[in-house]
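need the 3D shape of this:
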Amino acid sequence: MKRSVPQVKEQIAGCSKLLKDTSQIFTSSNNYSVNSSMNFLDPTCTTLKSPRSKNFPTELLLESIEKDLKELDDSFAFQWDDELSMIYAAKCLKQATQKILQEKKDSHSLSKTQDNYDSKYLLLKKLETQLKIKEKNLHDSEKNLEQENVRLEQLSQKLFEENLKIKAEKTIIEESYAKINEENLKVGMQMKKLDEKYAEIIGALQNYDIKELAQTAINSSIYNKEGHQEFDISLKLELEKKARRLEEFEQELKERENRIKNTEYSQGELAEALQKTKKELKKLAKKQEDQIRNEALALSQKKLSMEAKERELDFKVSELNRELINIENMKNDLRDCKDKIINEQQDFKENYSVKIGELIKAHEMLGEKLKSIAEKEEKLDSSLNDAQKKHHELEEKDKILQKIEKPKEKFEKLRMEWEDMQSDYYERSLALEITEKSLKDKETVFLLSHSNDNEGLAAFHKEINLKIDFLHKEEQEMLRIQKFSAQLKEDNEITSSLLHKMHEDLIKQQDEFFEEQENLKKRKETLQILIKSLDPEGSLASSSSKV
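Below you'll find the predicted structure:
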């Protein structure tokens, strides 16, 4: 029997309703997750696709079924035969039923897992009850331990209080030791200040008599002895106080031991702990006694060091007197040196003025020579135009060389070259005069002799041409000399400027030297005023009082 397309659609709709009803039943009865699900086939395929992943929810499965049904509805729009459409619909329904059967199997497996879960949950509850019982026992044991800890804390507080008292006594001893160290530091700082003041006293004690210094040194030694006696008395008092404190501390320890004997402890561990504390306290007492002894030894050593420093001070006073004598001798030597320096400066000025005059005269001579050369340059302007370009290049190179070479060495080199060029110039000028005279003589001879010798005339013309070439070469050399003279002008200007700068620097140095001399005189006057203002005995007495 062939069925129409609308009939097939109605059947498919009925199947979809059944599937929806079954899905609602599964969702209402069991809220669980599906382990596996299958997709419908495509219109062109006949094989099943790979199953879905586990824990896939039922709602998504229904949505996928509805999508497949919609695809079926759309696929029936094509012009297929009725039988093929029925076969395809039957295959789709089989796949749907297979999916429902798989979900049922999964629901049975989930029910089993739920039973297992319930049994495990009961076991967990039993374990929780057992744990609660154990917790109660632990709380009881903790309360007992807390009570014991309270007792131990009370005992530890007592011991802690005793330790605090011992630490307080330690701090008192340490403070006394720190005070002694501070006093030592103060003494060291005063010694440093005295060392600094010795340098000042050297300048102030120039006009001070040696006899007065000896008297002040005797007075300072007497004062220092009195200070040491007071210091010894204070140290003895401090040692007696510390000994009294130690006796009081020992008495307190004895009283504490009697109290500990009267009190009976129930536990043996506490008794052992108290014995340990007694031993530690005895050790601390011994350590304190050793520390006090060490402090006494250190104080005695400091006394010896102070006596040694007093001896060093006396020795330094004697050395200062010697240094004052040496300073006076040095002053006399400096005065002689100043006179020598002034004479040398005057000689240098005279020599410098003479050299400047010589340089000015040489500069004037060069100006006169340059004037004579300038007259000849008027004739050679055309040839100099080409040479000026090279001249600019040489100037640039000379500027670079001026930065590298020293001006003195360059000036000496230029002076030597200038002297050589002058000698060459004079020799060539003489040679030119001689050649001019010889040419005039030969011209006169040529005019007098009117012979028709052609060979003699040719030889004569050759000689004239050679001499003209020679004169042309000499003119080129003259041009080179003119260039060199221009360079010498510039070099002379540079050297003159350098000499002026040197002269100005020397003048500044002289002014600075005179200013330093005036400052030294002012300092001498101030030192003399200070020496007069100081008493002969007050200066050293004040320094010894600070010590």
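
tell me the domain boundaries of this protein?
5-133, 146-341, 346-533 (automatic domain parsing).

mind telling me which of the ones you listed the model trusts least?
Confidence, taken as mean pLDDT, is least for domain 5-133 of the domains of the chain (a mean of 60).

can you give me every residue that contacts Glu433?
Shown here is Glu433, which makes no contacts under the criterion Cβ atoms under 8 Å, 6 or more residues apart in numbering. Every C-beta, even on glycine, is put in place using the N, C-alpha and C of the backbone.

which stretch of helix or strand covers it?
Assigning secondary structure by DSSP states H and E places Glu433 in helix 407-448.

same check, this time on Arg311
Going by DSSP H and E, Arg311 is part of helix 268-377.

next one: Ser109
Judged by DSSP H and E, Ser109 forms part of helix 82-204.

what is that helix packed up against?
helix 5-29, helix 58-75, helix 210-262, helix 268-377, helix 454-533, helix 538-546 (3 or more Cβ pairs under 8 Å, 6 or more residues apart in numbering; DSSP states H and E).

give me that answer again for 6 Å
helix 5-29, helix 268-377, helix 454-533 (3 or more Cβ pairs under 6 Å, 6 or more residues apart in numbering; DSSP states H and E).
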